[in-house]
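In: I'd like to go over a predicted model; first the sequence, then the structure.
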Amino acid sequence: MKETKTLWWDESLGGIRYIDQTLLPTEYAIAGCTDIDQLITAIQRLEIRGAPALGVAGGYGVALAARTCTGPSFDDYARAVLRAADRIRESRPTAVNLSWGVDRVVARFLAANDETSAKTVTLAEAESIAADDTRCCHAIGEHGAALLPDQCTVLTHCNAGALACSSWGTALGVIRSAVAAGKQVKVIACETRPLLQGARLTAWELARDGIDVTVITDSTAAHMMRSGAIDAVIVGADRITGDAVFNKIGTYMHAVCAKHHVIPFYVAAPLSTFDATRKESEVTIEERGRGELAVVGNRTLIPEGVPVKNYAFDSTPMDLVSAIVTEQGVVRPPFDIGALLSRSGPVP
Ligand SMILES: CSC[C@H]1O[C@H](OP(=O)(O)O)[C@H](O)[C@@H]1O
């Protein structure tokens with residue numbers, strides 16, 4: 001299977017290269033950003049998207065700030081870099097990986113005493129985040145593949161594939177690893193209105209890998225679960241608190257339906273997506289603009305003046321989750337998130 005790299009540092013560019021996901025599936029274009037404003041725009045337009053990929057982008061963003069910020073003194077320079085880091089951290093509120101990636105590189109930056117070492121250590125840490133993410137996705141794939149029986153049909157929502165990570169993917173990483181282990185897996189990909197990450201990105205990734213994928217409307221999922229066509233649901237995550245999983249809008253709907261039809265509902269996510277500092281009620285769910293619902297291409301779908309609600313995420317209570325597949329093993333709720341994050345080594 002071809003391993004798609006989603007974003008990386010390009011020293012000849014002096015910045016970040018990435019696949020512009022807004023152009024897929026009809027155009028495969030590599031874009032670049034060489035300053036913080038360009039990176040923030042790419043994140044907010046979902047040219048770069050997906051929780052783990054946002055963690056990698058956040059790390060590279062601090063490295064980019066360390067190279068592009070200036071100041072008359074080192075202290076002024078450092079303040080400029082930290083202000084840039086704050087702007088990156090705040091560019092999308094729900095996925096914890098973004099702030100996690102920024103904070104991990106900022107911690108290394110704060111230990112530097114001059115600009116030269118600041119530039120070196122920030123890029124090294126950002127590269128380490130990217131490498132760790134790929135390793136985590138493959139480990140998640142291996143642990144999760146064991147949950148999927150041979151000849152199963154799996155429903156997915158949004159895109160939790162290589163495009164949402166540094167490569168390989170989380171939910172799609174589980175599917176790739178199951179297929180690589182010789183299992184026959186069919187995927188039913190929900191299109192995922194309004195930005196269609198499932199139709200545009202998951203279908204593109206899986207078709208490219210030769211994995212059987214069929215796209216459905218989000219509202220077809222319940223019908224297929226009730227008809228017995230779905231053996232399991234597997235999704236990614238943007239933030240996992242002790243009491244809930246935050247993921248693309250529509251995930252909660254699938255979890256409730258899966259519970260009703262006694263279908264396993266799996267979440268695949270690295271430990272960097274877990275957040276022990278907040279409970280469900282304390283997490284901000286990103287709301288996005290009217291245009292994403294009201295206009296498709298050159299067609300207006302909603303009458304002028306009619307308001308919309310465009311929540312980018314929802315939260316699924318942990319009691320609807322069968323298991324969370326992490327790089328350290330499979331976690332079955334209920335679990336103590338503090339103990340999980342403080343332990344080292346595999347999940348028991
Ligand atoms: C591998 S987790 C990807 C996660 O991120 C997506 O959100 P967005 O496309 O807005 O970045 C979606 O929630 C996916 O499950």
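Out: All right, it came through fine. Numbering: from 1, shown residues only.

In: C-alpha from now on. contacts and neighbour counts both.
Out: Noted.

In: all helices of the stretch 51-200 of the chain, in order?
Out: 51-68, 74-89, 96-110, 115-145, 171-180, 197 (DSSP state H, counting those that start in this stretch).

In: export those helices to TSV and tack on distance to the ligand and mean pLDDT?
Out: As requested, the helices of the stretch 51-200 of the chain are arranged in TSV below (distance: least, CA to the nearest ligand atom, whole Å; pLDDT from 0 to 100):
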stretch	distance to the ligand	mean pLDDT
helix 51-68	5	98
helix 74-89	14	98
helix 96-110	9	98
helix 115-145	9	98
helix 171-180	7	98
helix 197	6	98
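
In: Point out the one among those that comes closest to Ile285.
Out: Nearest to Ile285 among those is helix 96-110; the distance by CA to CA comes to 11.4 Å.

In: where are the low-confidence patches of the stretch 201-348 of the chain?
Out: With pLDDT under 70 as the threshold, the stretch 201-348 of the chain has low-confidence stretches at 348.

In: for the ligand, what are the nearby residues on it?
Out: In this structure, the stretch 201-348 of the chain approaches the ligand at residues Val235, Gly236, Ala237, Asp238, Asn247, Lys248, judged by CA under 6 Å from any ligand atom.

In: Kindly recompute the last result at 5 Å.
Out: When proximity is defined by CA under 5 Å from any ligand atom, the stretch 201-348 of the chain lies next to the ligand at Gly236, Ala237, Asn247, Lys248.

In: Backbone dihedrals for the third one, both of them.
Out: It refers to Asn247. phi -150, psi 180 (degrees, to the nearest 10).

In: so what's it closest to, chain neighbours aside?
Out: Ala237 (4.7 Å; CA to CA, 6 or more residues apart in numbering).

In: same thing with Val56?
Out: By the measure of CA to CA, 6+ apart, the closest residue to Val56 outside its immediate chain neighbours is Ala130, 5.5 Å from it.

In: Please apply the same query to Phe335.
Out: Beyond its immediate neighbours in the sequence, the residue positioned closest to Phe335 (CA to CA, 6+ apart) is Gly242, lying 7.5 Å away.

In: how far away is the one you found from the ligand?
Out: Here Gly242 is placed at a distance of 18 Å from the ligand (CA to the nearest ligand atom, to the nearest Å).
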